[in-house]
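Engineer: Just the structure for this:
(one chain, ligands or ions: 1)
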Amino acid sequence: MRPATVADAKAIAHLSRDLIETGLGWSWTPERVTRAIQDRNTLTVIACERDRVVAFAIMFFGDEHAHLSLLAVQPSHQRQGLGRQMMAWMMDAISVAGVATVHLELRTSNYTARRFYRALGFTETAYIPGYYRGREMALRMVKALRDPAAPLPVWNPPKIH
Ligand SMILES: CC(C)(COP(=O)(O)OP(=O)(O)OC[C@H]1O[C@@H](n2cnc3c(N)ncnc32)[C@H](O)[C@@H]1OP(=O)(O)O)[C@@H](O)C(=O)NCCC(=O)NCCS
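Structural biologist: Sure, this is the predicted structure:
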């Protein structure tokens, strides 16, 4: 498992097209994935078997909130803990960044992913009709990591003499 580079963009885009965007067109093209990999506020993580990308996750970091844009594991590698491990990586980065909540949307009919996110402590919060190109309803799921109103911890680095 490692952070993605631009060279991985094509493989990630193909996984998104085949495993996530099925029937919705292809919005996460190699160009869009490249922009995400190059974006300083976005973390893209992949899992590889030898040189082949078998799983990936893309998360956008704001000041208070993070948004999981995409996450997928090749069917041949599902149910082996890869999704959980990629989310653990993201959650570590999130707690370092001091983010309060993580949001994501998924197809309401994606019961496997709903079970997966619930197992990771996410809560189903809202239905969003027509979210996917006006054609399909999304379900929003959220996980709180700290109270958004709570003050951020302050760290005063020791003086170096
Ligand atoms: C959802 C997805 C990412 C899960 O990845 P994964 O690597 O297979 O999941 P893990 O092996 O880490 O599973 C973690 C937990 O999630 C739950 N879970 C995952 N898949 C499940 C399934 N098919 N049925 C029931 N529970 C499941 C279980 O609680 C599991 O823990 P356990 O194996 O100890 O019981 C994967 O199925 C996938 O890529 N689906 C297609 C793309 C997609 O739908 N992405 C999400 C929307 S963006």
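Engineer: Can you give me the buried ones in stretch 114-130?
Structural biologist: Going by neighbour count (16 or more other C-beta atoms under 10 Å), the buried part of stretch 114-130 is 114, 116, 117, 122. No exception for glycine: its C-beta is placed from N, CA and C like everyone else's.
Engineer: Considering only those, which also neighbour the ligand?
Structural biologist: residue 116 (C-beta under 6 Å from any ligand atom).
Engineer: any idea which element the closest residue to the ligand within the chain lies in?
Structural biologist: For the chain and the ligand, the shortest gap (C-beta to the nearest ligand atom) falls at residue 83, measuring 2.6 Å. Assigned by DSSP states H and E, residue 83 belongs to helix 82-97.
Engineer: Now do the contacts for the closest residue in space to residue 105 that isn't next to it in sequence.
Structural biologist: The shortest distance from residue 105 to any residue other than its chain neighbours is 4.2 Å, reached at residue 138 (C-beta to C-beta, 6 or more residues apart in numbering). Taking C-beta atoms under 8 Å, 6 or more residues apart in numbering, we find residue 138 in contact with 105, 106, 107, 108, 127, 128, 131, 132.
Engineer: now residue 26
Structural biologist: Residues in contact with residue 26 (C-beta under 8 Å, 6+ apart) are 13, 16, 17.
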